[in-house]
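*Asks:* Sequence plus the predicted model coming up.
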Amino acid sequence: MNRRARGRRYDTEAKLNKKKVAAVIIAIIVLIMFIIIINSILSKENQNQSTTQTAYYTIYQDNKWGVINQNGETIIDPSYQEMIVIPDKTIDVFLCTYDVNYDEGTYKTKALNSKNQEIITEYNQIEAIENKDESNNLWYEKGVLKIQKDEKYGLINLEGKQILEPTYDSITALPNIENAFLIMKDNLYGIADKSGQIILDPKYQEIKNLGKDNLSGYIVKMPDSKYGIVDYSQAQILENKYDEIKPVYGNDLYVVTENNTTKVVEKGGKEIISSGIEEVSEILKNKENGIIFINSGKYGVMNLSGEITIPATYEDLKEGANGILIAKKENKYGIIDLNQEEKTPFEYNNITYNQKADIYIAEKDEINSVLIDNSFQERLSGILLDTNDEDGYISIKIGDETKYYNFRFEEKTTPEIFTSNTLYLSKKDGKYGYIDKEGKVIVDYIYDDAKEQNSSGYAAVKKDGKWGSINSKGEVSCEPKYDLEDYILVDFIGSWHIGKDVNMNYYTQE
């Protein structure tokens, strides 16, 4: 009896244990799911609070320069007389100039980090490398700094690692080209890149870029004043024997001047066209189509046999898509083909071709543009705000509305374009507000004008003629108080608005 009772009790306990184990497992699963849900909610909240990684911006206040981060928090107090240079906004390396003697042209430099600590201290000078694009806009080379030690120059990366020993008399950027640095030694020039690799040894009197990137090759001038072409690997493309070489090339064809005659030659120097042209402006994409030439200030087309296929009667010619020419006559632009068949009328102030989008942008007047597709149909008309090649969209103001399209001219919503934003500009009854991805109104329609949220999570808003800002949650960061009517760009980071000279790329509260 006792054994049987003990046995029954044992059996009962075993059944109860199974139930308890199952209950515990279910509880654990529920707890895990709860934790996952909470973490997901917190993650979304964190994403809403900050829409980008840490970034740094130069500020100007009371005639002094400092640094803020993407949240508008002051990192370096405005205390420097000269503008602080930030070579890469995602890295906390800030270059400060101080003890400036304008009469003697002397100054000192130092690098600070986000803790206001001096870093990279073993050099006499440390500077960003300035460059300019074709429109003369200033920018700084990323990932590399110029250093000076014992009156000689070298290169370091932004971590302070030396990548080019300071043995050169000067180092400057090759204009308009990223990652190509002119190094000078004994009054002769070479080329280095930001990894410290010597691309061209310093043995040339002059170096110019052949194309639009640092891999296209270089026009070099020898000490005897003769020009040639050397490629990225130092291979000789054209012998150093020409009086001049133009930065015009394509299909292994090059434009040279020899004995006062403009010629088209191929790699190695064989002459393809040796007479009949004063100047060449372009090698056409299809080699068989030849070149665009200029005689007596007029543009035409010549094939590689020297036959003129389009007489030099146009005021301007440039190729758009393959075999399609943007032409100018009687001071107006249109589009023709190689048979001079008119594809669009000559009625525009200017026309440019966007190769990535495969569209033509025709300027009707100083403000309005027409977007023309590759079948030469007018697709959009208005104030063109942006053709973003990287993200593949067009923004254009049509009437009072800013609209977005992909390169197939399919209209897109702002959430489809700005996928990481938390707020989206919306207009109702002539007033602006903001909605979320689901269309819920986050900021009421109370503003006279407004901008889309920027990469730092802020949006500029205008009320009663003044500009201010809201943050990524739609909360007011800066009450509208700034008169920015004559500013080219209106943009905010917290209470800081972008400066009037956008080329300098700084923020201020003035």
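*Replies:* The structure has been received and is ready for your questions.
*Asks:* When you work out contacts or count neighbours from here on, use the C-alpha atoms and nothing else.
*Replies:* Will do.
*Asks:* Might you report the residue contacts of residue 106?
*Replies:* Shown in contact with residue 106 (CA atoms under 8 Å, 6 or more residues apart in numbering): 99-100.
*Asks:* ok, it to residue 123 distance?
*Replies:* Distance, residue 106 to residue 123, using CA to CA, to the nearest Å: 16 Å.
*Asks:* And residue 363, by the same measure?
*Replies:* Where residue 123 is concerned, residue 363 sits at a distance of 51 Å (CA to CA).
*Asks:* And those two? Which one has more around it.
*Replies:* Each of residue 363 and residue 123 has its neighbours counted (other CA atoms under 10 Å); residue 363 has more, 22 against 14.
*Asks:* Okay, the closest residue to the more buried one other than its chain neighbours and residue 360: tell me how far apart.
*Replies:* Nearest residue to residue 363 in three dimensions, chain neighbours excluded: residue 369, at 4.4 Å (CA to CA, 6 or more residues apart in numbering). According to CA to CA, residue 369 stands 10 Å off from residue 360.
*Asks:* so where's the stretch 1-150 of the chain shaky on pLDDT?
*Replies:* 1-52 (pLDDT under 70).
*Asks:* Which parts of it are strands?
*Replies:* Assigned by DSSP state E, counting those that start in this stretch, the stretch 1-150 of the chain shows strands spanning 56-61, 64-69, 74-80, 94-101, 106-112, 118-119, 125-127, 130-132, 138-140, 145-149.
*Asks:* could I get these as JSON lines with distance to residue 186?
*Replies:* JSON lines is the format used below for those (distance: least, CA to CA, whole Å):
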{"stretch": "strand 56-61", "distance to residue 186": "37"}
{"stretch": "strand 64-69", "distance to residue 186": "37"}
{"stretch": "strand 74-80", "distance to residue 186": "36"}
{"stretch": "strand 94-101", "distance to residue 186": "28"}
{"stretch": "strand 106-112", "distance to residue 186": "24"}
{"stretch": "strand 118-119", "distance to residue 186": "31"}
{"stretch": "strand 125-127", "distance to residue 186": "21"}
{"stretch": "strand 130-132", "distance to residue 186": "23"}
{"stretch": "strand 138-140", "distance to residue 186": "26"}
{"stretch": "strand 145-149", "distance to residue 186": "17"}
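*Asks:* Out of these, which gets nearest to residue 321?
*Replies:* Ranking the strands of the stretch 1-150 of the chain by proximity to residue 321 (CA to CA) places strand 130-132 first, at 27.7 Å.
*Asks:* For stretch 430-443, which residues meet the burial criterion?
*Replies:* The neighbour-count check on stretch 430-443 (16 or more other CA atoms under 10 Å) flags 432-436, 441-443 as buried.
*Asks:* Rebuild those as CSV, extending it with pLDDT, secondary structure and distance to residue 350.
*Replies:* Formatted as CSV, the buried residues of stretch 430-443 follow (pLDDT from 0 to 100; DSSP: H, G, I helix; E, B strand; the rest coil; distance: CA to CA, whole Å):
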residue, pLDDT, secondary structure, distance to residue 350
432, 97, strand, 34
433, 97, strand, 36
434, 97, strand, 36
435, 97, strand, 38
436, 96, coil, 39
441, 97, strand, 41
442, 98, strand, 42
443, 98, strand, 40
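*Asks:* per the record, what domains does the protein have?
*Replies:* 1-37, 349-412, 418-510 (automatic domain parsing).
*Asks:* picking that back up, greatest separation within the buried residues of stretch 430-443: which pair is it?
*Replies:* Across the buried residues of stretch 430-443 (CA to CA), the longest gap, 13.7 Å, separates 432 and 436.
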